[in-house]
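Novice: structure, please.
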Amino acid sequence: MLRLDTATMEFSVTPLPPCLKLNAWLSGSFAVGETKDSTPCIARDTGFGSVDVFMRRVYDNGTEDWVKNGCVSCTEEGALRETMDVLAIKDGFVYLASSEMVLSLCLETMELEKLFPRAFGGHFYPYFMPWPPSGGFRNSRQDDDPTNA
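Specialist: The predicted structure follows:
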């Protein structure tokens, strides 16, 4: 995996976890992202009704390694009983999709939450918008009101 450190603008190569290197064609979908504190992480569908989460750990001696942080079953309590598409990891959440539902997995609590039903087919990728929106948005009614100074 090729990483870019945006602070130094330097590239580095980070090996994938062994389970992804050895069985890349069998591993199912996976995504690379970061937690809220910018720790690199990988989430992957195991193909057996669960999602594995790996975090990048830096040890005291300066070496780095991928450590399995948890495994969440997608077959409990009404969650879906099928393979999941791991769509993205953003700000400490893993976004997943099945043929019926879009879900999020909080990396802090490892809780799976249903977001909304998926009533469409084809490819799906989440779009993240900054909120509140920035830019020249103004309320024209307030601007036209002479009492609003």
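
Novice: need phi/psi at C19.
Specialist: phi -70, psi -30 (degrees, to the nearest 10).

Novice: could you report the neighbour count for it?
Specialist: 18 (other CB atoms under 10 Å). Yep, even glycine has a C-beta here, placed from its N, CA and C like the rest.

Novice: tell me the mean pLDDT over stretch 19-39?
Specialist: For stretch 19-39, mean pLDDT is 76.

Novice: again, but for stretch 106-125
Specialist: Stretch 106-125 comes out at a mean pLDDT of 83.

Novice: return the set of buried residues in that stretch.
Specialist: Applying a neighbour-count criterion of 16 or more other CB atoms under 10 Å, one finds L107, L112 buried in stretch 106-125.

Novice: ends of that stretch, what's the gap?
Specialist: Distance across stretch 106-125, first residue to last, is 18 Å (CA to CA, to the nearest Å).

Novice: how far does that stretch sit from the chain's center?
Specialist: Taking CA atoms, centre = their mean, to the nearest Å, the mean C-alpha location of stretch 106-125 is offset from the chain mean by 10 Å.

Novice: go on, stretch 89-104?
Specialist: With CA atoms, centre = their mean, you get 7 Å for stretch 89-104.

Novice: so which residues of this structure form helices?
Specialist: 18-22, 140-144 (DSSP state H).

Novice: R3: how many residues sit nearby?
Specialist: R3: 13 neighbours (other CB under 10 Å).

Novice: per-residue confidence for it?
Specialist: 83.

Novice: can you pull the contacts of the most centrally placed residue in the chain?
Specialist: By CA atoms, centre = their mean, the mean C-alpha position of the chain lies nearest to I89, the distance being 1.4 Å. Counting by CB atoms under 8 Å, 6 or more residues apart in numbering, I89 touches A31, V32, G33, E34, C41, I42, A43, Y95, L107.

Novice: report the contact partners of the residue lying closest to the second one once chain neighbours are set aside.
Specialist: This points to V32. Using CB to CB, 6 or more residues apart in numbering and skipping the chain neighbours, the partner closest in space to V32 is I42 (5.3 Å). Residues near I42 by CB under 8 Å, 6+ apart: L16, P17, L20, F30, A31, V32, G33, V53, F54, W66, I89.
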